[in-house]
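In: Dropping the sequence and predicted coords here.
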Amino acid sequence: MSTTMAPERTTQSPTLGSGMRRYLERVRGGDMGALPAVFGLVVLCVVFASLRPAFLTPINFANLFTQGAQITVIAMGLVFVLLIGEIDLSAGFASGVCAAVLAVTLTNQGLPWYVATVAAIITGVVIGTVLGTLVAKVGIPSFVVTLAAFLAFQGVVLLLVSGGTNISIRDEVILAIANRNLPPALSWALFALGVAGYAGLQLLRAYRRRQHGLPADPLSVIALRVGALVVIAGLAVYILNLERSRNALIVSLKGVPVVVPLIVLLLILWTFVLRHTAFGRHIYAVGGNAEAARRAGINVDRIKISAFVICSTMAAIGGIIAASRGASVDPNTGGSNVLLWAVGAAVIGGTSLFGGKGRVMDAVLGGAVIAVIDNGMGLMGYSSGVKYIVTGAVLLLAAGVDAISRKRAAASGLR
């Protein structure tokens, strides 16, 4: 009598090597993600550090965060509009309008900082709702709508600041956003909390995927990610906790700038929205193919309006940061190169101009590239003209990489 043993069902656990192979396959297929932005950021830092050692000093390192904060925050909002295949040319001056509302209610009307802040953010929500409605419901191209708003908002700012006067900001809470630092002990505590939270989320995600029979990242990959975060963020906190003042007896400059945890919180919030909510999936669906999304039952108009609302709301926060850093608001707040740099930051970071591809992290990486170029070339004594040329060349290169990546992805069947 013979018995037949049924073969055991085995599943091969993913390894670090297999994960690296899958990543390299995606890169060769055109899905480069943030790789070009990270590579460019590293190269720029190495070049400027070798040519100007002052680039790596603690005080200049801290300046990079405050210099790029407004651009980064506005770029975060622009990512949502770019993801649905639209554009917002008014985001810069929209931030100026919101900053002017903050200054008027805070300084001229004498209202508390929290009332002025809410008024500025509500202004951003209203702006986004109007722009989104004109694009989604009326059917006017976003380029035309936001270009008209770009021109109109310049006039609104002039009216709010009484034709060109400078409104000073004296409230300590608002000024602290871009001009104050966290105590070193609190900086380390937030670092530890952030690392622990990130590690916990990575482990929880892997556990849930295994529970549902889906492939999950091995512990080696998770450990590598957490280790990279510990090294990069830990080094940043260490440098920022060094004394940056030339005369520490008069004033001490130590700790992480207050604006840094603000940006991190916004990054976590909007990353969660895009990656873990139905709304986020609908954003990508509308950007990928609006008609297909509509036939699938997605309210495309609502998604478009919401994207513009988020964009203008983030512009309002960017305007508050700008008002804090300058301790005042004038007709140029939100103007000049703010919009161009914000759009450039989103695209340089990896967000596609064709819609359907991008992350909020792209705005942070792109904002860092813009800040490094502006700061490094300033230390080297180059004029604004040279800075614009270099930034434009980097933006064109990023757009070219995006176009080539999409063609390769289409040819390889990834898109």
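Out: Yep, it's here.

In: Read off the pLDDT value for the spatially most central residue of the chain.
Out: Among the residues of the chain, the one closest to the centroid is A363, at 3.1 Å (C-alpha atoms, centre = their mean). pLDDT for A363: 92.

In: pretty sure it is touching T72, no?
Out: Yes - using C-beta atoms under 8 Å as the test, A363 is close enough to T72 to be in contact (5.8 Å). In this view, the C-beta of every residue, glycine as well, is placed from N, C-alpha and C.

In: Identify the contacts common to those two.
Out: When contacts are counted by C-beta atoms under 8 Å, 6 or more residues apart in numbering, A363 and T72 are jointly contacted by A345.

In: Now name the helix or strand holding the residue nearest to the centre of the chain.
Out: helix 360-379 (DSSP states H and E).

In: who does that helix touch, helix- and strand-wise?
Out: Judged by 3 or more C-beta pairs under 8 Å, 6 or more residues apart in numbering; DSSP states H and E, helix 360-379 is in contact with helix 35-51, helix 58-83, helix 259-276, helix 338-349, helix 384-412.

In: Single out the most deeply packed of the ones you listed.
Out: Mean neighbour count (mean count of other C-beta atoms under 10 Å) peaks for helix 338-349 among these, with a mean of 27.

In: which stretches of the stretch 101-250 of the chain form helices?
Out: Per DSSP state H, counting those that start in this stretch, the stretch 101-250 of the chain carries helices over the ranges 113-133, 142-160, 172-179, 184-211, 219-240.

In: right, so of those, which gets closest to I373?
Out: Closest approach to I373 among these (C-beta to C-beta): helix 219-240, 19.1 Å.

In: what angle do that closest one and helix 259-276 make?
Out: 160 degrees (axes from the mean of the first three to the mean of the last three C-alpha atoms, to 10 degrees).

In: In helix 219-240, which residues are buried?
Out: V221, I222, V226, L229, V230, A233, A236, V237, L240 (16 or more other C-beta atoms under 10 Å).

In: Flag the shaky bits of the stretch 51-200 of the chain, pLDDT-wise.
Out: 163-164 (pLDDT under 70).

In: could you redo the last one with a cut-off of 90?
Out: 51-68, 107-110, 154, 157-168 (pLDDT under 90).

In: Show me the protein divided up by domain.
Out: 58-180+259-398, 181-256 (automatic domain parsing).

In: sorry, back to before: in TSV: the helices and strands packed on helix 360-379, plus distance to T146.
Out: Output for the helices and strands packed on helix 360-379, formatted as TSV (distance: least, C-beta to C-beta, whole Å):
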stretch	distance to T146
helix 35-51	25
helix 58-83	9
helix 259-276	20
helix 338-349	10
helix 384-412	18
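
In: Pick out the shakiest of the ones you listed, pLDDT-wise.
Out: helix 384-412 - the lowest mean pLDDT of the helices and strands packed on helix 360-379, at a mean of 74.

In: And that one, what does it pack against?
Out: helix 35-51, helix 338-349, helix 360-379.

In: Can you check what angle separates the longest one from helix 58-83?
Out: Looking back up the chat, that one is helix 360-379. 140 degrees.

In: quick one, helix 360-379 and helix 338-349 angle?
Out: Helix 360-379 runs at 120 degrees relative to helix 338-349, counting by the same axes, to 10 degrees.

In: coming back round to it: got the helices and strands packed on helix 384-412 as TSV, with distance to A116 columns?
Out: Output for these, formatted as TSV (distance: least, C-beta to C-beta, whole Å):
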stretch	distance to A116
helix 35-51	35
helix 338-349	21
helix 360-379	25
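
In: Tell me which of those approaches I84 most closely.
Out: Judging those by C-beta to C-beta, what sits closest to I84 is helix 338-349, at 13.0 Å.

In: I'd like to check what contacts the closest one. Which residues are they?
Out: For helix 338-349, using C-beta under 8 Å, 6+ apart, the contacting residues are 34, 37, 40, 70-72, 74-75, 78-79, 82, 87, 89-93, 95, 150, 318, 322, 353, 358, 361-367, 369-370, 391, 394-395, 398-399, 402.

In: Quick one: distance of it to the chain centre.
Out: 10 Å (C-alpha atoms, centre = their mean, to the nearest Å).

In: What of stretch 252-265?
Out: 16 Å.

In: Keeping just the C-alphas, turn that stretch into PDB.
Out: Output in PDB follows, covering the C-alpha atoms of stretch 252-265 (Å, rounded to 0.1, in the frame of the first residue of the first chain):
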ATOM      1  CA  SER A 252      22.000  82.000  22.000                       C
ATOM      2  CA  LEU A 253      21.000  80.300  18.700                       C
ATOM      3  CA  LYS A 254      20.600  76.600  19.300                       C
ATOM      4  CA  GLY A 255      18.000  74.100  18.300                       C
ATOM      5  CA  VAL A 256      15.800  73.000  15.400                       C
ATOM      6  CA  PRO A 257      14.000  76.000  13.800                       C
ATOM      7  CA  VAL A 258      10.300  76.000  14.700                       C
ATOM      8  CA  VAL A 259       9.300  75.900  11.000                       C
ATOM      9  CA  VAL A 260      10.900  72.400  10.600                       C
ATOM     10  CA  PRO A 261       8.400  70.400  12.700                       C
ATOM     11  CA  LEU A 262       5.600  72.400  11.000                       C
ATOM     12  CA  ILE A 263       6.800  71.200   7.600                       C
ATOM     13  CA  VAL A 264       7.200  67.700   8.800                       C
ATOM     14  CA  LEU A 265       3.700  67.600  10.200                       C
END
